[in-house]
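[1] Kindly generate the corresponding structure for this input.
(one chain, ligands or ions: 1)
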Amino acid sequence: ISHRLTYFPCIYLIIFILCDTLFFKLPEQIQKQELGRDEPRPLYMDFQTGPLLWPYCFRNDPRVLDAMLPYQVNFYGNPHSRTHAYGWESESAMEKARKQVADLIGADPREIVFTSGATESNNMAVKGVVRFYGQKKRHVITTQTEHKCVLDSCRVLESEGFSVTYLPVQSNGLIDLELLDKSIRPDTSLVSIMTINNEIGVKQPIRDIGHLCRSRGVFFHTDGAQAVGKIPLNVTELNIDLMSISAHKIYGPKGVGALFVRRRPRVRLEPLQSGGGQERGLRSGTVPTPLAVGLGAACSIAQAEMVYDHQRVSALAQRLMHKITSQIPDVILNGDPDQRYPGCVNLSFAYVEGESLLMALKDVALSSGSACTSASLEPSYVLRAIGADEDLAHSSIRYFYYYCDYYALKCTVQSVRRWILASLLVPLWEMVQEGIDIKSIKWTQH
Ligand SMILES: *[C@@H]1O[C@H](CO)[C@@H](O)[C@H](O)[C@H]1NC(C)=O
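    Got it, this is the predicted structure:
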């Protein structure tokens, strides 16, 4: 029965696949190897993790690819070569991209450092600033719900003898400003708080945090990977000193990102890499011109289309929420209902394990938890930090709606309904029916 229930053909999917093969001529072997010859491809909705630049989904921005291709093929000079025209043309493309990134966030191009992505940017900002000012200042503040790469950077700093305050968040996922204010010490060098949480989509009060940090003489770093290009962010107005940027979250290529480092008042940091001193000594290593160009193009498209996109995503998210909550009982929206980016909807469904829900929804490619941590089935540390019951932490799943349309929405809601029917077979549900208290169940830790 469960098999039949989970197989529910969807006309849109088929149209989608036709477009895909007609317009992009995906190599057939790849499709067959990965998904089996006769199965329709799942609808790709795992966009928070990052859409693929190439195939499946024609929603991925071909304009970015168009901008990049000449630098993969014809203009192959090293952008740091000062002695010949090949170098100069690559350099001018790289500088144009730098300006596009800077324009999106209201920065000066000289404040943009290209990196391999937000993980590197976060490492660079957190470790770099704290180590540089480490003689006099030995303290850093972050939150319990930061991305793993910020938390792990802080752990490394702790092992070097620095002290770290991991601020708790309130049940709506937002930090308490008063608590932040109280936590700042005379020897605090840096506060690192992400703009939009990658798991529950809440938007921290960045403006207030920036204002507080500036008035207390502490540098403020924000991980903007989920936010840059999706909501307006002006580093000048918001008093942000360092901001991490990722390309693939805004339909750019994977493997490139940037770090904004303020010049006035000047933020100094100890570079992570030693070498040729590229990027004003902050990040040695050749800048990959095609990737940088892709990031620049993605930023300028995001800037031009931000208002439209935001409206569309909001409307879709509202519709999704309405459809799901009107048809399914016991659904909880994680995180603050208002202070959030609408394109990240994190729902908890009572009584169901996240992984079994994912399997039931196999024609929608969602992910349970962050892709960076989804190798483990451990309940999200983010959900634990906001105090959700452990059984709810196990049964949450997120829907990402950046770049989905009406038809995708319909498919999702149908899938969820189908899953609800199938969930009658899920053991957990049966246990509840038998009157077992699910809070007493011991979850295995992996
Ligand atoms: C950012 O804010 C500054 C100061 O208010 C302003 O001069 C600048 O034009 C803004 N930039 C963008 C891209 O909004």
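
[2] Now residue 194: phi and psi?
    phi -70, psi 150 (degrees, to the nearest 10).

[3] Distance-wise, check it relative to residue 337.
    Distance, residue 194 to residue 337, using CB to CB, to the nearest Å: 19 Å. C-betas here are computed from N, CA, C, even on glycine.

[4] so what's the closest residue to the ligand within the stretch 51-200 of the chain up against?
    Nearest residue of the stretch 51-200 of the chain to the ligand: residue 106, at 3.2 Å (CB to the nearest ligand atom). Listed by CB atoms under 8 Å, 6 or more residues apart in numbering, the contact set of residue 106 reads 233, 234, 235, 236, 237.

[5] tell me the two of those that are most distant?
    233 and 236 (10.3 Å; CB to CB).

[6] Nearest to the ligand: which residue in the stretch 251-400 of the chain?
    residue 303 (8.0 Å).

[7] Return the per-residue confidence for the closest residue to that residue other than its chain neighbours.
    In space, residue 303 comes closest to residue 104 once its chain neighbours are excluded; the distance is 4.8 Å by CB to CB, 6 or more residues apart in numbering. Note for residue 104: predicted pLDDT of 98.

[8] Surely residue 104 and residue 229 touch.
    Yes - Residue 104 is within contact range of residue 229, at 6.3 Å (criterion: CB atoms under 8 Å).

[9] And the pLDDT at the closest residue in space to residue 238 that isn't next to it in sequence?
    Leaving aside its chain neighbours, residue 238 sits nearest to residue 210 (4.7 Å; criterion: CB to CB, 6+ apart). With respect to pLDDT, residue 210 scores 98.

[10] Quick check: next helix or strand after the helix or strand harbouring the residue nearest to residue 303?
    For residue 104, the element it lies in under DSSP states H and E is helix 85-105. Later in the chain than helix 85-105, the nearest helix or strand by DSSP H and E is strand 112-115.

[11] Buried by neighbour count: which residues of stretch 214-221 qualify?
    In terms of neighbour count (16 or more other CB atoms under 10 Å), stretch 214-221 has its buried residues at 214, 218, 219, 220, 221.

[12] so of those, which ones are in helices?
    Secondary structure from DSSP state H places residue 214 of the buried residues of stretch 214-221 in helices.

[13] The buried residues of stretch 214-221 also near the ligand: which ones?
    The subset of the buried residues of stretch 214-221 within reach of the ligand, by CB under 6 Å from any ligand atom, is empty.

[14] Go ahead and confirm the residue of the stretch 251-400 of the chain closest to the ligand touches residue 228.
    No - using CB under 8 Å as the test, residue 303 is too far from residue 228 to be in contact (10.0 Å).

[15] So those two - more neighbours on which side?
    residue 228 (31 against 18; other CB atoms under 10 Å).

[16] Now the residue of the stretch 151-300 of the chain found nearest the ligand. Its backbone dihedrals?
    Residue of the stretch 151-300 of the chain nearest the ligand, by CB to the nearest ligand atom: residue 234 (3.7 Å). Backbone torsions of residue 234, given as degrees, to the nearest 10, read phi -120, psi 110.
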